[in-house]
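**Q** sequence and predicted structure below; questions after.
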Amino acid sequence: MHQKTPANQALLKIILEHEPQSLVQLERLSNRKKSNLSRTLRTLESFGIVELPVHKGRLAPKVIATDFQLEFGLNS
């Protein structure tokens with residue numbers, strides 16, 4: 001699962017520390033393009049790691065899971 005990359009871990013830390021109120025603000029903080037952020041955040045949202053509430057008409061990402069455990073099996 002590539003979602004748990006160092007870049008995405010750094011992104012989650014930025015969101016936790018700076019609490020951006022829009023993707024534009026997060027784009028500036030993270031030096032990542034808005035289109036890339038949007039795709040990554042939607043994926044992280046599907047795993048229950050972030051929420052993407054709308055604040056004043058803008059997506060304002062919030063981290064809701066800070067510790068995870070990954071289980072993987074080939075014989076299921």
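**A** Arrived safely. Numbers count the residues shown, from 1 in each chain.
**Q** strand partners of the lowest-mean-pLDDT helix or strand in the chain, parallel vs antiparallel please.
**A** Ranked by mean pLDDT, DSSP states H and E, the helix or strand of the chain with the weakest confidence is strand 54-55, at a mean of 89. When pairing is defined by DSSP bridges, strand 54-55 lines up against strand 58-59 (antiparallel).
**Q** got a list of contacts for the strand it pairs with?
**A** 21-24, 38, 41, 52-53 (Cβ atoms under 8 Å, 6 or more residues apart in numbering). Quick note: C-beta positions are derived from backbone N, CA and C, even for glycine.
**Q** out of the residues you listed, who's nearest Q69?
**A** L41 (21.5 Å; Cβ to Cβ).
**Q** the closest one: what secondary structure?
**A** helix (DSSP: H, G, I helix; E, B strand; the rest coil).
**Q** ok, T66 next?
**A** coil.
**Q** once you drop chain neighbours, what's closest to it?
**A** With Cβ to Cβ, 6 or more residues apart in numbering as the criterion, T66 has its nearest non-adjacent residue at 7.2 Å, and that residue is L16.
**Q** now do K56
**A** Using Cβ to Cβ, 6+ apart, the nearest residue to K56 is Q21, at 7.2 Å.
**Q** please identify the helix or strand for the residue nearest to T66.
**A** helix 6-18 (DSSP states H and E).
**Q** for that helix, buried residues please.
**A** 8, 11-12, 14-15 (16 or more other Cβ atoms under 10 Å).
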